[in-house]
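**Q** Have a look at this prediction, sequence included:
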Amino acid sequence: MGFTIGGIREIRSGARRRGRESACTAVAEFTGLWGWDAVPGARASDGHCSCGDDHCKAPGAHPLGFAPELEAGATLREVTRVWGEFPGASVLLPVGRSFDVLDVAEAAGRRALVRLERMGLPLGPVAVTPEGRAQFYVAQGAAAELPDLLYRTGWDDAVLDLTALGPGEYVTAPPSDRGGLGPVRWLRAPALDSASSPPAARLLLGTLAYACHRQPAEPSRAPVRRRP
């Protein structure tokens, strides 16, 4: 259950207090090592969002509009100060700045990841969400280029459970909880050789598209549109 102070719902959670230090360390790593921006995000408990809006359309899965954004290079001291003002906040990463994201069903993503590793192709971080999605971090521009890339690789006619996230969107970073459903986890954690310069989407797209083609699309997911 939650209570409201100054229009902001606070969610009581012992895990929130215990996890504050690890969250700050993770954010400082994102900003300091990988060069990513980060922003405090809402949390959800029992369907209630910590943003205080009883009609929130994305409980626990959006930035806190009143929270400051931490730019790449922020130190642990700066991160601790911000998260001290918003205890329990999740960690959200803005997409379209340092990376875009290719989003597929987790089963398809796991198959594709094994194949990509065997092929020795360059890979960036890969996360899985509690909703059962795999998110491949790729170079900026993937969202805008996706329809053309699918056309050029011959996958534009296929119904694929594959989307690209780009500028204006956010992903929840491990180990944060997403929407009260559980934590986001790394399938492939960030590394010095790839986090700051993830691979171009075209290098992964053929394998991801093939894996998605073998995995039936979820009814709630819209198919990728053909190139005009």
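**A** The structure has been received and is ready for your questions. Residues are numbered from 1 along each chain as shown.

**Q** Now for the most centrally placed residue in the chain: which residues touch it?
**A** With distances taken as Cα atoms, centre = their mean, the residue of the chain nearest its centroid is residue 171 (2.6 Å). Contact partners of residue 171, counting by Cβ atoms under 8 Å, 6 or more residues apart in numbering, are 92-93, 95, 101, 127, 135, 165, 184. Any C-beta I mention is one placed from the backbone N, CA and C, and that applies to glycine too.

**Q** Just list whatever residues bridge to it.
**A** For residue 171, the beta-bridge partners under DSSP bridges are residue 93.

**Q** from now on call the first residue 13
**A** In the new numbering, first residue 13, that becomes residue 183.

**Q** just the buried members of the contacts of residue 183?
**A** When the contacts of residue 183 are checked for burial by 16 or more other Cβ atoms under 10 Å, the buried set is 104-105, 107, 113, 139, 147, 177, 196.

**Q** Which ones among those map onto strands?
**A** Of these, the ones assigned to strands by DSSP state E are 104-105, 113, 139, 147, 177.

**Q** In a markdown table, list the buried ones among the contacts of residue 183 along with distance to residue 131 and pLDDT.
**A** Formatted as a markdown table, the buried ones among the contacts of residue 183 follow (distance: Cβ to Cβ, whole Å; pLDDT from 0 to 100):
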| residue | distance to residue 131 | pLDDT |
| --- | --- | --- |
| 104 | 32 | 97 |
| 105 | 27 | 97 |
| 107 | 26 | 98 |
| 113 | 21 | 98 |
| 139 | 21 | 98 |
| 147 | 20 | 98 |
| 177 | 24 | 98 |
| 196 | 26 | 97 |
